[in-house]
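*Asks:* Just the structure for this:
(2 chains)
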There are 2 protein chains.
Amino acid sequence: MKLMRTLSCLLLLLFCSVVQARGTGDLGVIIERADSTVQIVETSGNTSIGRVAGLGDLSHASIVYSRDARFAYVFGRDGGLTKVDILKGEIVGRTLQSGNSIGGAISQDGSLVAVSNYKPGGVKIFDADTLELVVDMPATYGSSAQRSKVIGLVDAPGQKFVFSLWDAGEIWVVDMSDRSSPKVLKFKDIGKNPYDALITPDGRYYIAGLFGEDGMALLDLWNLSAGVKRILPNYGKGEQKLPVYKMPHLEGWAVAGDLAFVPAVGRHEVLVINMQTWQEAGRIKVHGQPIFVMARPDGRHVWVNFAVPNNDTVQIIDSQSLEIIKQLKPGKGVLHMEFEPRGEEIWLSVRDEDRVEVYDTQSFTRKATMPAKKPSGIFFTARAHRIGL
Amino acid sequence: MKLMRTLSCLLLLLFCSVVQARGTGDLGVIIERADSTVQIVETSGNTSIGRVAGLGDLSHASIVYSRDARFAYVFGRDGGLTKVDILKGEIVGRTLQSGNSIGGAISQDGSLVAVSNYKPGGVKIFDADTLELVVDMPATYGSSAQRSKVIGLVDAPGQKFVFSLWDAGEIWVVDMSDRSSPKVLKFKDIGKNPYDALITPDGRYYIAGLFGEDGMALLDLWNLSAGVKRILPNYGKGEQKLPVYKMPHLEGWAVAGDLAFVPAVGRHEVLVINMQTWQEAGRIKVHGQPIFVMARPDGRHVWVNFAVPNNDTVQIIDSQSLEIIKQLKPGKGVLHMEFEPRGEEIWLSVRDEDRVEVYDTQSFTRKATMPAKKPSGIFFTARAHRIGL
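*Replies:* Purely as a prediction, here's the structure:
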């Protein structure tokens, strides 16, 4: 009788396409670039639970999550914005919203998803439920006939989006509190060619790296009237003349207490910045050109990966002594790292060896390894609850 | 045909007791003290989605969540530890583990749940899946025949639990990395009668308030060998002689940038502490004796509620100007406040009027109101991903 019941229930589950209920707090998505797929994983047992195909060009792809931690919005390089139901493992919406795009963000209340586009340059904002276009915001500048590429798009408290214009050297703050009438505040002459940006975990400071000159552009969102300031005048200095294998990711900035840990450009160094004064507080020699510099959620350690030819290595810095306390060789092509929300484990994409590794962050032992097709970004659902991610 | 299918699916859902799949990132639980029930709510549409009964004495009850954000562990005053499946809305485990208890914590990896007990005094640690007892740790002290009440139990990184012994004046740090052999580090003579404690959001500093003398006891978990230090020598000074209507909750400490906002004991003040120096940095006059002092997740505002006879009022402090910028009168008996994870809304329990209110934290307008039976604590599932909550 029990078997009958179980069998009939299984059949009916299929027929009714009801998904077995489960919590979504321990789920995550791994970008599999070569196959236009994402792999869905869970971090309680460290296992793979599914794969979704048909996501287009996923180079440099990133993900944000709905506030219920059920839907992943995947931003593809080809302008594709795809909404994936990670419980059912299926695509529930997809729009090819531009020719070439780079990342996105979800509004504080989860109702809007914004995408930053290279071509045509601008930001498009969509309804998070339906993926209907809500606002098309061309990044026009100068004579207004020109359109700039947009980079460094993040969400900020107060239903805001903040982003930078590569060609124009501007930072825009868009207030979407009233979605039918967006308010745009533009900061001009912030520096030449902002190439990436970040927002601090509290959503207060927006900082853009400049490709065309030294230093970084800082906007204090609590004091907008103070305008954009230049900080870290030596950041990037002279590095444009060095061979830079890959520009570092600024969204990887690690904040531990009062210190921020920042990848140097071109040099084999991690910079330490005092966030009270925005002055450089030290430089740490590392194994290669750093790409991601990420603090463990408790801020005690900082993990660093590197550009080619050193991308088989990961180093771990003690945020108190500023010394390297551990070096790991997970394999060739360590592209991305993601901590589990409370920091007990970290997941690493080892692209060239088609696998993902899970390490214990206390003992540095390997806890799990699983196959993945040319994995790059790894994104856990706890991001749904964080500002600026 | 479609109707037939829908109907048969509904029937089968009942028959197979399959729950409709949904994300759990936007769920929460409200303690309904008078009825031994909890109400399950969701914060995307601000609605109630269920109620679970049979939870025993819920005065002063609190909740932690499983790492998948599906199960709520409810710590009752009568020693009851109840595991509630918030997707199915049913109790899946319950143990009456002591005669009188006060709060609990879940380990960093989610595998262990600890409860602090008054009677008999000590901590019991359970398997989070099965609720089987893993460790029984009596809080013995002195001649070892005596057992102390335990308060201020929190989780800390590295699979640790930290708690204080009211009668003994001790702080214990328990490392559960190897669950079959817990390692206990005891700090003695930390001060007289610690009555509550907190851990900073990064899991570094554990701070206990002292009922029996002035000041607070600080333990830096990154530097355990430095031992426990006394800070804020004036905290509580002379207040034992004032009529204290209710001791403030230390777990409500608000951290905004470098400043911590702390309820004064007895006085109508919120204390501001510089966390770099652990010195007092200011005092803000408020409407009554503060109970919870909570920072909005971005740290821009600090919300304060009060003891009787002022518990109909909430005040909001600007963390930059240190001025009160808004006062609300939600109703009689505002017992608890919980921000949605990214801070756009806050939920308030209005116990004496049997309702819960939801406010927009930007405009301070009321967004929703819903009935609840003598509501007290409100806990959202995003807590699953935070250290020390």
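
*Asks:* those helices in the stretch 101-250 of chain A, which residues are they?
*Replies:* Along the stretch 101-250 of chain A, no segments are classed as helices by DSSP state H, counting those that start in this stretch.

*Asks:* which stretches of it have low pLDDT?
*Replies:* Residues of the stretch 101-250 of chain A that meet the criterion pLDDT under 70 lie in A:238-246.

*Asks:* Enumerate the residues of it near chain B.
*Replies:* When proximity is defined by C-beta under 8 Å from any C-beta of the partner chain, the stretch 101-250 of chain A lies next to chain B at A:108-110, A:157-159, A:177, A:202-204, A:222. Just so you know, the C-beta spots here come from the backbone N, C-alpha and C atoms, and that holds for glycine as well.

*Asks:* Check those residues and tell me the two furthest apart.
*Replies:* Taking C-beta to C-beta as the measure, those span a maximum distance of 22.9 Å, between A:G110 and A:W222.

*Asks:* Most neighbours out of the residues of the stretch 101-250 of chain A next to chain B, which is it?
*Replies:* The member of those surrounded by the most neighbours (other C-beta atoms under 10 Å in any protein chain shown) is A:Q108, with 30 neighbours in all.

*Asks:* got the contact list for that residue?
*Replies:* The neighbourhood of A:Q108, defined by C-beta atoms under 8 Å, 6 or more residues apart in numbering or on different chains, consists of A:155-160, A:387, B:342-344.

*Asks:* Of those residues, just the buried ones, ChimeraX syntax please.
*Replies:* In ChimeraX, a selection of the buried entries from the contacts of A:Q108 looks like this (16 or more other C-beta atoms under 10 Å in any protein chain shown):
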select /A:155,156,157,158,159,160,387 /B:342,343,344
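
*Asks:* tell me which of the contacts of A:Q108 is nearest to A:R22?
*Replies:* Relative to A:R22, the closest of these is B:R342; by C-beta to C-beta it sits at 23.4 Å.

*Asks:* Can you tell me the closest non-neighbouring residue to the closest one?
*Replies:* Ranked by C-beta to C-beta, 6 or more residues apart in numbering or on different chains and with sequence neighbours excluded, the top spatial neighbour of B:R342 is A:Q108, at 5.0 Å.

*Asks:* which element is the single nearest residue of the stretch 201-350 of chain A relative to chain B on?
*Replies:* Residue nearest to chain B within the stretch 201-350 of chain A (C-beta to the nearest C-beta): A:P341, separated by 3.5 Å. Secondary structure from DSSP states H and E places A:P341 outside every helix and strand.

*Asks:* May I ask you to confirm that it is in contact with B:H385?
*Replies:* Yes - using C-beta atoms under 8 Å, A:P341 and B:H385 qualify as a contacting pair, with a distance of 3.5 Å.

*Asks:* list residues touching both of these two?
*Replies:* With contacts taken as C-beta under 8 Å, 6+ apart, the residues that reach both A:P341 and B:H385 are A:382, B:67.

*Asks:* more crowded one of those two?
*Replies:* When neighbours are counted by other C-beta under 10 Å, B:H385 comes out ahead of the other of A:P341 and B:H385, with 26 against 23.

*Asks:* mind checking the backbone torsions on that one?
*Replies:* For B:H385, the backbone dihedrals are phi -100, psi 10 (criterion: degrees, to the nearest 10).

*Asks:* Quick one, grab the pLDDT at it.
*Replies:* B:H385 carries a pLDDT score of 98 in this model.

*Asks:* and it, what is it in contact with?
*Replies:* Taking C-beta under 8 Å, 6+ apart, we find B:H385 in contact with A:25, A:341-342, A:382, A:385, B:67, B:69.

*Asks:* isn't A:M294 right next to A:V302, touching?
*Replies:* Yes - in this structure, A:M294 is within contact of A:V302 by C-beta under 8 Å, at 6.8 Å.

*Asks:* ok, the two, which is more surrounded?
*Replies:* Between A:M294 and A:V302, counting by other C-beta under 10 Å, A:V302 is the more crowded of the two (25 against 21).

*Asks:* got the contact list for A:I151?
*Replies:* Residues counted as contacts of A:I151 (C-beta under 8 Å, 6+ apart) are A:102-103, A:116, A:163-164, A:166, A:194-197.

*Asks:* hmm, 7 Å instead?
*Replies:* In this structure, A:I151 makes contact with A:102, A:116, A:164, A:166, A:194-197, judged by C-beta atoms under 7 Å, 6 or more residues apart in numbering or on different chains.

*Asks:* Put the alpha carbons of stretch A:80-99 into CSV.
*Replies:* Once non-C-alpha atoms are left out, stretch A:80-99 reads as follows in CSV (Å, rounded to 0.1, in the frame of the first residue of the first chain):
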residue,chain,number,x,y,z
GLY,A,80,20.9,37.9,-22.7
LEU,A,81,19.0,38.3,-19.5
THR,A,82,17.7,35.0,-18.3
LYS,A,83,15.5,34.2,-15.3
VAL,A,84,16.1,30.7,-14.0
ASP,A,85,13.9,28.9,-11.5
ILE,A,86,16.5,27.0,-9.5
LEU,A,87,13.9,24.9,-7.7
LYS,A,88,12.5,23.5,-10.9
GLY,A,89,15.7,23.8,-12.9
GLU,A,90,14.2,25.6,-15.8
ILE,A,91,14.2,28.9,-17.6
VAL,A,92,11.1,30.9,-16.9
GLY,A,93,12.0,34.1,-18.8
ARG,A,94,14.6,35.3,-21.3
THR,A,95,15.2,38.4,-23.2
LEU,A,96,18.1,39.4,-25.5
GLN,A,97,18.1,42.9,-24.3
SER,A,98,21.2,44.4,-26.0
GLY,A,99,24.0,43.4,-28.3
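
*Asks:* Pull out the buried positions in it.
*Replies:* So for stretch A:80-99, counting by 16+ other C-beta under 10 Å, buried means A:80-87, A:91, A:93-95, A:97-98.

*Asks:* what's the offset of that stretch from the middle of its chain?
*Replies:* 18 Å (C-alpha atoms, centre = their mean, to the nearest Å).

*Asks:* Is any residue of that stretch near chain B?
*Replies:* Yes - Stretch A:80-99 is in contact with chain B by C-beta under 7 Å from any C-beta of the partner chain, via A:L87.

*Asks:* Contact residues of the stretch 251-389 of chain A facing chain B?
*Replies:* Proximity of the stretch 251-389 of chain A to chain B is assessed by C-beta under 7 Å from any C-beta, with A:297-300, A:320, A:341-344, A:362, A:381-382, A:384-385, A:387 identified as the residues in range.

*Asks:* Go through those and say which is closest to B:G76.
*Replies:* Checking those one by one against B:G76 (C-beta to C-beta), the nearest turns out to be A:R342, at 24.9 Å.

*Asks:* Please identify the buried residues of stretch A:27-36?
*Replies:* In terms of neighbour count (16+ other C-beta under 10 Å), stretch A:27-36 has its buried residues at A:27-33, A:35-36.

*Asks:* The residue of the stretch 201-350 of chain A closest to chain B contacts A:R383, correct?
*Replies:* No - the criterion here is C-beta atoms under 7 Å, and A:P341 misses it with A:R383 at 8.8 Å.

*Asks:* Would you reformat the buried residues of stretch A:80-99 as a markdown table and include secondary structure?
*Replies:* Compiled in a markdown table, the buried residues of stretch A:80-99 are given as follows (DSSP: H, G, I helix; E, B strand; the rest coil):
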| residue | secondary structure |
| --- | --- |
| A:G80 | strand |
| A:L81 | strand |
| A:T82 | strand |
| A:K83 | strand |
| A:V84 | strand |
| A:D85 | strand |
| A:I86 | coil |
| A:L87 | coil |
| A:I91 | strand |
| A:G93 | strand |
| A:R94 | strand |
| A:T95 | strand |
| A:Q97 | coil |
| A:S98 | coil |
